[in-house]
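Colleague: heads up, no residue letters with this:
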């Protein structure tokens, strides 16, 4: 598939490499491609193109929101409402607010979620929340934790869009994919973050994940 | 140990039976013991005494808050500040607000938790949050889920109190006990509830739990 990954932080870089590594054509969107190219040489090794948010989104069948949660709505706005219409937005971001230091608080929670905010802002896009419950390295290498059968969640209002994301997750090696149904399921997975952050200290690193045992 | 379980709902009843079953002396506290006795015959089968909140708390070394989260501060107030002073309060409650129907929202979250509210209201008690992350039946029978190695969390400001609770958890059969440190760790485990509730629908029942795989 043609996939646009928006964001050049560690999540965007890791997902871009991971998705390209399993055969997808990935374009990474950034605010200023020339500046990003001067700053980073990580794209050279891979067959990944760097482009503006809007140009990347225009060519993508799936748009991955790998931006900072606080910047997501703004970046998606830069990508352009027309470039997002009808597209699957795979939202892996978390609405973390670091303004008061660590641990961050959640900028939206409980009765709403970042994913739902994005869906409301871009009603013609098809938002699917997934992969936000773990570290970037684990997203693209589920076998790196335990025996590789930890869990990943999917939530979104559009059945076909959820199926597209499930397909990408399988490409990345995920086996225990839990379909939470409509996009309000994003509330629970975003509210998992405070426990995840606490566990990062307890476990001593980010290479862990939860498994739903039933 | 002498344990007072406050609350006669399914959580209180299940925990009372479970803790008595592994050899502890359990008194269950309720608002009106005579009325509870008329309504329920569940105590007859076990060696469990029913008493008022205050009388139960007075005799307990450990006080289990197994009340509805919305009622917890009020019930603990009825139990009496003097009867709680110095005691371990094992807080298993969740601050669920059902006033707008299902799913419930959280009455406190993110920058605070029910457990911390209880600690502030009863500063001489030693509050430990645990077991709130699962169904009551699983609390007392960890082997009922998978191969019995799912995870349970402990958070509390007092090291000795956390150790007492860890001992009770081991009595109940828990092996993967994750110490989250001070009581602010309660925020994460209380915010797990929205995902737990959603999973109850997805999984089709409450007999499941999470395992932290690292």
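Modeller: Perfect, thanks for sending it. If you're wondering where the values come from, they're calculated on a predicted model, not measured in any experiment. Numbers count the residues shown, from 1 in each chain, chains lettered A, B, ... in the order given.
Colleague: residue A:22 reaches residue A:171, doesn't it?
Modeller: Yes - the criterion here is C-beta atoms under 8 Å, and residue A:22 meets it with residue A:171 at 4.4 Å. (C-beta placed from N, C-alpha, C; glycine too.)
Colleague: compare those two (neighbour count), which wins?
Modeller: residue A:171 (16 against 12; other C-beta atoms under 10 Å in any protein chain shown).
Colleague: and residue A:38, what's its pLDDT?
Modeller: You'll see residue A:38 listed with a pLDDT of 83.
Colleague: so residue A:144 sits against residue A:136, correct?
Modeller: No - counting by C-beta under 8 Å, residue A:144 stays clear of residue A:136, with 11.3 Å between them.
Colleague: give me the more crowded residue out of these two.
Modeller: Ranked by neighbour count (other C-beta under 10 Å), residue A:144 and residue A:136 place residue A:136 first, with 20 against 15.
Colleague: quick check: buried residues in the worst-scoring helix or strand of chain A on mean pLDDT?
Modeller: Lowest by mean pLDDT, DSSP states H and E among the helices and strands of chain A is helix A:33-39, with a mean of 87. When neighbours are counted by 16 or more other C-beta atoms under 10 Å in any protein chain shown, the buried residues of helix A:33-39 are found to be A:33, A:36.
Colleague: please compute how far it lies from its chain's middle.
Modeller: Relative to the chain's own centre, helix A:33-39 is displaced by 22 Å; criterion: C-alpha atoms, centre = their mean, to the nearest Å.
Colleague: tell me which residues are up against that helix.
Modeller: A:8, A:30, A:43, A:50-52 (C-beta atoms under 8 Å, 6 or more residues apart in numbering or on different chains).
Colleague: farthest pair in those?
Modeller: Farthest pair in these (C-beta to C-beta) is A:43 and A:52. Separation: 14.4 Å.
Colleague: residue boundaries of the strands in chain A?
Modeller: Applying DSSP state E to chain A gives strands spanning A:2-6, A:25-30, A:49-52, A:62-65, A:88-91, A:96-97, A:105-106, A:126-130, A:151-156, A:176-179, A:209-213.
Colleague: who touches the first one?
Modeller: In this structure, residues lying in contact with strand A:2-6 by C-beta under 8 Å, 6+ apart are A:12, A:15-16, A:19, A:24-29, A:53, A:56-57, A:59-67, A:75-76, A:79, A:168.
Colleague: closest to chain B among the contacts of helix A:33-39?
Modeller: Closest approach to chain B among the contacts of helix A:33-39 (C-beta to the nearest C-beta): residue A:8, at 28.5 Å.
Colleague: what parts of chain A come near chain B?
Modeller: With C-beta under 8 Å from any C-beta of the partner chain as the criterion, chain A meets chain B at residues A:105-106, A:109-111, A:145-146, A:150, A:153, A:178-181, A:185, A:187-189, A:191-192, A:194-199, A:201-203, A:205, A:207-214.
Colleague: tell me which of the residues you listed fall in helices.
Modeller: A:187-189, A:191, A:194-199 (DSSP state H).
Colleague: and the pLDDT at the closest residue to residue A:98 other than its chain neighbours?
Modeller: Nearest non-adjacent residue to residue A:98, counting by C-beta to C-beta, 6 or more residues apart in numbering or on different chains: residue A:104, 4.6 Å away. Note on residue A:104: pLDDT of 97.
Colleague: my guess is residue A:104 meets residue A:196, correct?
Modeller: No - Residue A:104 sits out of contact with residue A:196 when judged by C-beta under 8 Å, with a separation of 11.3 Å.
Colleague: would you mind telling me which of these two has the busier surroundings?
Modeller: residue A:196 (22 against 19).
Colleague: which residue is nearest the centroid of chain A?
Modeller: Closest to where the C-alpha atoms of chain A average out (C-alpha atoms, centre = their mean) is residue A:92, at 2.2 Å.
Colleague: what about the spatially closest residue to that one that is not a sequence neighbour, distance to residue A:5?
Modeller: Nearest non-adjacent residue to residue A:92, counting by C-beta to C-beta, 6+ apart: residue A:131, 4.4 Å away. Distance check for residue A:131 against residue A:5: by C-beta to C-beta, to the nearest Å, it reads 12 Å.
Colleague: equivalent analysis for residue A:173, please.
Modeller: For residue A:173 relative to residue A:5 (C-beta to C-beta), the value is 18 Å.
Colleague: ok, those two, which is more surrounded?
Modeller: Applying other C-beta under 10 Å to residue A:173 and residue A:5 shows that residue A:5 carries more neighbours, namely 32 against 14.
Colleague: that one bridge partners, please.
Modeller: Note on residue A:5: beta-bridge partners by DSSP bridges are residue A:28, residue A:64.
Colleague: mind checking pLDDT for it?
Modeller: pLDDT, read off for residue A:5, is 98.
Colleague: so how far is chain B from it?
Modeller: Taking C-beta to the nearest C-beta, to the nearest Å as the measure, residue A:5 and chain B are separated by 26 Å.
Colleague: quick one, phi/psi of the residue nearest to the centre of chain A?
Modeller: When read as degrees, to the nearest 10, the backbone of residue A:92 gives phi -110, psi 10.
Colleague: which residues does it contact?
Modeller: A:11, A:15, A:64-66, A:129-132, A:139.
Colleague: nearest to residue B:97, of the residues you listed?
Modeller: Nearest to residue B:97 among the contacts of residue A:92: residue A:129, at 23.3 Å, using C-beta to C-beta.
Colleague: check the burial of that closest one by counting its neighbours.
Modeller: Residues near residue A:129, counting by other C-beta under 10 Å, number 34.
Colleague: ok, it to residue A:149 distance?
Modeller: 21 Å.
Colleague: could you check the pLDDT of the closest residue to residue A:156 other than its chain neighbours?
Modeller: Using C-beta to C-beta, 6+ apart and skipping residues adjacent in sequence, the residue nearest residue A:156 is residue A:128, 3.6 Å away. In the prediction, the pLDDT value recorded for residue A:128 is 99.
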